[in-house]
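>>> got a structure for you, letters missing:
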């Protein structure tokens, strides 16, 4: 924290502009050594905060000023900067060589190379942002769709911080009341307190339940629906993938078993992100390579958020289909009755009837959410129904971008679970009429758990781990 750091803050590729960022107590001094005005003057230290200046970056290693690049340099003095430290940003031309030369010159004059995420880490350690806002910075950078971006920006503005601080405020009030009453029973009475605490505990539990309930959808909206396409060979799985992608990603032939390995691709359908995996056709085979592909298909299906089961409607169901049904017994699944342009051998009713009969034998029967849609990948029929069904299954019919707080960070979800369990323990102690200090212990546990979200109850190792995931220069 005492050293001055520097890094390239833009992508290392040819572009119009490249930015070298400097932060720390010597940032202004370093800029003063390497910046010259249009008339050759060295006067950067005289500039006011939050101003930008035209000039040149020079290297005076050989006793004379060698111009490296024509630049615009901005100055933001502490504490009104991203890191809450003196910060200088050099906007130079975006060539890879020139950006590296500017950075080398900065390092030569006293800065050290910043670690990944160190600028944001300093913003956190200096108290400018809390840990949840710091994580939101990384989420904004890695946003894959509009929902992820809006959610991350909301978290950056404090949506998660605000609700966590509110809950912690309510918890610490109850903790302080109990401790004060236990220390001074003559002046602070606990009579009737259990009923009031039970009401407060119910309110907090409901708020935590709401956040946890939205967290699974939050992860899906942020990262995309992990979707696995399964079916027998030549059912139209690869044709479906190509249709969704809009180009020929998978090889399509009339020869059964063409796809032997998995093919993964990310696509967007009207705001929905799908991480699609096309798998080998599932059937009984003696081909060793194809067997490996079938086993891979089963493994990917077991880990999926959604299984798309493509059925060849021109062929009757067989043992391979029943094997596939086992994969979708406890999963969200969409069955595409494909090749409806051909003479049908099966119907939606017959598929559902067979599934009902077969799945009743499985322990997970009744826990599935399965839809059947008629499609023809050859004639692009039924794909719009497929997209609408996705919205119904995962987003209650629409992709909304309202101000609802949605937990998209899995670390936050685990912490909320811990806080939720602690509050349930408070309820249990109340029901068993336990002494008041038992309530205080579990309330403090919930308080501490929530504190790890915003960084008030977090160790150095976790902080380092979080910021190590950041890109260089941020």
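Great, that's in hand. Everything quoted here is computed from the prediction, not taken from an experiment.
>>> after the host helix or strand of residue 196, next one along is what?
Using DSSP states H and E, residue 196 sits within helix 193-223. Counting by DSSP H and E, the element after helix 193-223 in chain order, helix or strand, is strand 225-231.
>>> How about the contacts made by residue 327?
Residues near residue 327 by Cβ atoms under 8 Å, 6 or more residues apart in numbering: 230, 298, 301, 302, 307, 309. C-beta here means a position set from N, CA and C on the backbone, and glycine is covered the same way.
>>> Show me those that map onto strands.
230, 307, 309 (DSSP state E).
>>> Please indicate which of those residues has the highest neighbour count?
residue 309 (29 neighbours; other Cβ atoms under 10 Å).
>>> if you skip the residues just before and after it, what's nearest to that residue?
residue 335 (4.7 Å; Cβ to Cβ, 6 or more residues apart in numbering).
>>> Quick check: the one you found vs residue 36, distance?
70 Å (Cβ to Cβ, to the nearest Å).
>>> So the two - more neighbours on which side?
residue 335 (24 against 19).
>>> one step back: closest to residue 468 among the contacts of residue 327?
Using Cβ to Cβ, residue 302 comes nearest to residue 468 of the contacts of residue 327, at 30.7 Å.
>>> what pLDDT does the closest residue to that closest one other than its chain neighbours get?
Leaving out its chain neighbours, the residue that sits closest to residue 302 by Cβ to Cβ, 6+ apart is residue 327, at 7.2 Å. Per-residue pLDDT puts residue 327 at 76.
>>> Over to residue 327: give its phi and psi.
Note on residue 327: its backbone torsions stand at phi -70, psi -30 [degrees, to the nearest 10].
>>> if I look at it, how far off is residue 309?
Distance from residue 327 to residue 309, by Cβ to Cβ: 8 Å.
>>> Now the common contact residues for these two.
Common neighbours of residue 327 and residue 309 are listed as residue 230 (criterion: Cβ under 8 Å, 6+ apart).
>>> Sketch out the strands for the stretch 201-350 of the chain, chain order is fine.
Ranges of strands in the stretch 201-350 of the chain, per DSSP state E, counting those that start in this stretch, are 225-231, 263-269, 272-278, 306-312, 332-338.
>>> Include mean pLDDT when you put those into TSV, please.
Below are these laid out as TSV (pLDDT from 0 to 100):
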stretch	mean pLDDT
strand 225-231	85
strand 263-269	78
strand 272-278	80
strand 306-312	86
strand 332-338	86
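>>> Columns distance to residue 128 on top of the ones you listed, output as a markdown table?
A markdown table is the format used below for the strands of the stretch 201-350 of the chain (distance: least, Cβ to Cβ, whole Å):
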| stretch | distance to residue 128 |
| --- | --- |
| strand 225-231 | 36 |
| strand 263-269 | 34 |
| strand 272-278 | 31 |
| strand 306-312 | 40 |
| strand 332-338 | 42 |
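>>> now the stretch 51-200 of the chain, which segments are flagged as low pLDDT?
144-148 (pLDDT under 70).
>>> For it, which segments are assigned as helices?
96-108, 118-125, 131-141, 146-157, 159-183, 193-223 (DSSP state H, counting those that start in this stretch).
>>> now swap in the stretch 351-474 of the chain and tell me
Using DSSP H, counting those that start in this stretch, helices in the stretch 351-474 of the chain cover 383-395, 410-431, 436-454, 460-468.
>>> so of those helices, which one's packed in deepest?
helix 436-454 (a mean of 21; mean count of other Cβ atoms under 10 Å).
>>> now for that helix, which elements pack on it?
Contact here means 3 or more Cβ pairs under 8 Å, 6 or more residues apart in numbering; DSSP states H and E; on that basis helix 436-454 packs against helix 131-141, helix 159-183, helix 193-223, helix 410-431.
>>> For residue 469, find the nearest of those.
So among the helices and strands packed on helix 436-454, helix 131-141 is nearest, using Cβ to Cβ, at 6.5 Å.
>>> Check which helices and strands that closest one sits against.
helix 118-125, helix 146-157, helix 159-183, helix 436-454, helix 460-468.
>>> Adding distance to residue 375, write those out as TSV.
Listed next are those as TSV, based on distance: least, Cβ to Cβ, whole Å:
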stretch	distance to residue 375
helix 118-125	46
helix 146-157	26
helix 159-183	39
helix 436-454	44
helix 460-468	44
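>>> Please report phi then psi for the residue of the chain most remote from its centre.
What lies farthest from the middle of the chain is residue 186; by Cα atoms, centre = their mean that is 51.7 Å. Here is the backbone geometry of residue 186 (degrees, to the nearest 10): phi -70, psi -30.
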